[in-house]
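K.L.:
sequence plus predicted model, see below.
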Amino acid sequence: MITEKITKMLNKQVNQEFYSAYLYLQMSAFFEEEKLSGFAAWMKIQSGEEYKHAMKLYEYVLQANAKVELQKIDAPKNKWKDVLDVFHDTYKHEKQITGYINEIVDFALTEKDFATFSFLQWFVTEQVEEESTALLILDKIKLIGDNKTGLFFLDREMAGRART
């Protein structure tokens, strides 16, 4: 059984992952409104991934014979200036999620909760990928600048993301 403090932290992370899914779905809607269907599709897939992350944590808490306590999910931001603004927020958000995961990992190690520490290693690795991907897209958008043709081609590239 995991401690009450670890349970609380994991439940908070479940909420953070559901919020991430909600945020990326809102970003998908923004891109649909902007007629950037490739970016919209990419964000919709990202939203689904974040939902899966929440469920992975949810299942772990249950398997550890602890109590799942779902919390209120805040409404995400719903207005951005442009594609660059969205991906600035995406990268910033992923860095924030990494911080939350690292906090739980650090506490699990301090508490000698090696099962939770081991379980969370998947999330640690996943966050490296999440940050790297968000930064790569952000850098491409910066490189494109105001070039509409470049944005058109990047939108097509974003549409090619496969579902996992």
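P.N.:
Looks like it came in fine.

K.L.:
relative to Leu135, how far out is Ile104?
P.N.:
23 Å (CB to CB, to the nearest Å). C-beta: built from backbone N, CA, C; applies to glycine.

K.L.:
the two: which is more packed in?
P.N.:
Ile104 (23 against 15; other CB atoms under 10 Å).

K.L.:
any idea where the helices of the chain begin and end?
P.N.:
In the chain, helices defined by DSSP state H lie at 4-33, 37-63, 83-110, 114-144, 148-159, listed in chain order.

K.L.:
tell me the buried residues in the shortest one?
P.N.:
Taking 16 or more other CB atoms under 10 Å as the neighbour-count basis, helix 148-159 is seen to contain the buried residues Leu151, Leu154, Asp155, Met158.

K.L.:
chain center to it, what's the gap?
P.N.:
22 Å (CA atoms, centre = their mean, to the nearest Å).

K.L.:
which elements pack onto it?
P.N.:
Counting contacts by 3 or more CB pairs under 8 Å, 6 or more residues apart in numbering; DSSP states H and E, helix 148-159 is packed against helix 37-63, helix 114-144.

K.L.:
buried ones in the shortest one, by neighbour count?
P.N.:
Counting neighbours by 16+ other CB under 10 Å, one finds that the buried residues in helix 37-63 are 38-47, 49-51, 53-54, 57-58, 60-61.

K.L.:
before we move on, the earlier item: relative to Lys92, which of the helices and strands packed on helix 148-159 is closest?
P.N.:
Smallest distance to Lys92 across the helices and strands packed on helix 148-159 (CB to CB): 8.8 Å, for helix 114-144.

K.L.:
average pLDDT across the closest one?
P.N.:
Confidence over helix 114-144 (mean pLDDT, whole number) is 98.

K.L.:
can you give me how far it is from the chain middle?
P.N.:
When C-alpha coordinates are averaged (CA atoms, centre = their mean), helix 114-144 and its chain have centres 9 Å apart.

K.L.:
now the angle from it to helix 37-63?
P.N.:
Between the axes of helix 114-144 and helix 37-63, defined by axes from the mean of the first three to the mean of the last three CA atoms, to 10 degrees, the angle is 170 degrees.

K.L.:
tell me the angle helix 114-144 makes with helix 4-33.
P.N.:
20 degrees.

K.L.:
please point out which parts of helix 114-144 sit buried.
P.N.:
Within helix 114-144, the residues that qualify as buried are 116-117, 119-120, 123, 126-127, 130-131, 133-134, 137-138, 140-141, 144, counting by 16+ other CB under 10 Å.
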